[in-house]
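Undergrad: sequence below, structure please.
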Amino acid sequence: MSGRFLVLIADDDANDRMLIEMAIKRDKVPTETREVHDGEQVIEYLRGEGNYSDRIVYPFPDLLLLDLKMPRMDGLAVLEWVRNHPEYAFLPTIMLSGSGLEIDVQEAHKRGVKAYFTKPADFRELEELVRVVAEHWSKAQRPGMSEDCSRSQSPLSE
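TA: Purely as a prediction, here's the structure:
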């Protein structure tokens, strides 16, 4: 393993992606990021298909930061897809959304999100939130993720 923690950021807003990536880069956890713009790209990335077929360039993520409202396929639909594909269940998926509506929080949890956070308006708060999330999930052990697991392939490989 490279020793780096890979976060896949799924958000249709370029400014939000940039701020999240800046917050991650400022964290002390050695972290790499990859970005996608909608739910369909999340699924392509996780499956290693299309533009994301090169697992050296696009290694399987250790954490998915998922926006709720995205075009083509929203975050809830991605959660539903993951729930229907149990081979991906070990991937921690964190909802980071502009919506703090109780109905959205409940629906995300019903579909298996590990945690739901409303995007802070203040960069320092975002930085602290990302630090706590990355630190927690970079240390957490999950089924399907062994020390021997090659980062250049999905842990789900043949």
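
Undergrad: name the element the residue nearest the centre of the chain belongs to?
TA: Centroid-nearest residue in the chain, with CA atoms, centre = their mean: residue 64, separated by 0.9 Å. In this structure, residue 64 sits in strand 63-66 according to DSSP states H and E.

Undergrad: ok, so what distance separates residue 39 from residue 114?
TA: Distance of residue 39 to residue 114, given as CB to CB, to the nearest Å: 17 Å. (C-beta placed from N, C-alpha, C; glycine too.)

Undergrad: more crowded one of those two?
TA: Neighbours around residue 39 and residue 114, counted as other CB atoms under 10 Å, are more numerous at residue 39. The numbers are 24 against 17.

Undergrad: quick one: pLDDT of the spatially closest residue to that one that is not a sequence neighbour?
TA: Closest residue to residue 39 apart from its sequence neighbours, by CB to CB, 6 or more residues apart in numbering: residue 73 at 2.9 Å. We have a pLDDT of 95 for residue 73.

Undergrad: also the one 5 residues further on?
TA: Residue 78 carries a pLDDT value of 97.

Undergrad: A helix includes it, no?
TA: Yes. Counting by DSSP: H, G, I helix; E, B strand; the rest coil, one finds residue 78 located in a helix.

Undergrad: number of residues surrounding it?
TA: Other residues within reach of residue 78, judged by other CB under 10 Å, total 27.

Undergrad: that one and residue 5, how far apart?
TA: 21 Å.

Undergrad: do I have it right that residue 117 meets residue 129?
TA: Yes. Using CB atoms under 8 Å, residue 117 is in contact with residue 129, at 6.0 Å.

Undergrad: follow-up on the earlier one: quick one: contacts for the residue nearest to residue 39?
TA: If a contact means CB atoms under 8 Å, 6 or more residues apart in numbering, then residue 73 has 38, 39, 40, 42, 43, 81 as its contacts.

Undergrad: surely it is in a helix?
TA: No. When three-state DSSP is applied, residue 73 is found to be coil, with no helix at that position.

Undergrad: for residue 34, helix, strand, or coil?
TA: Secondary structure, three-state DSSP: residue 34 is strand.
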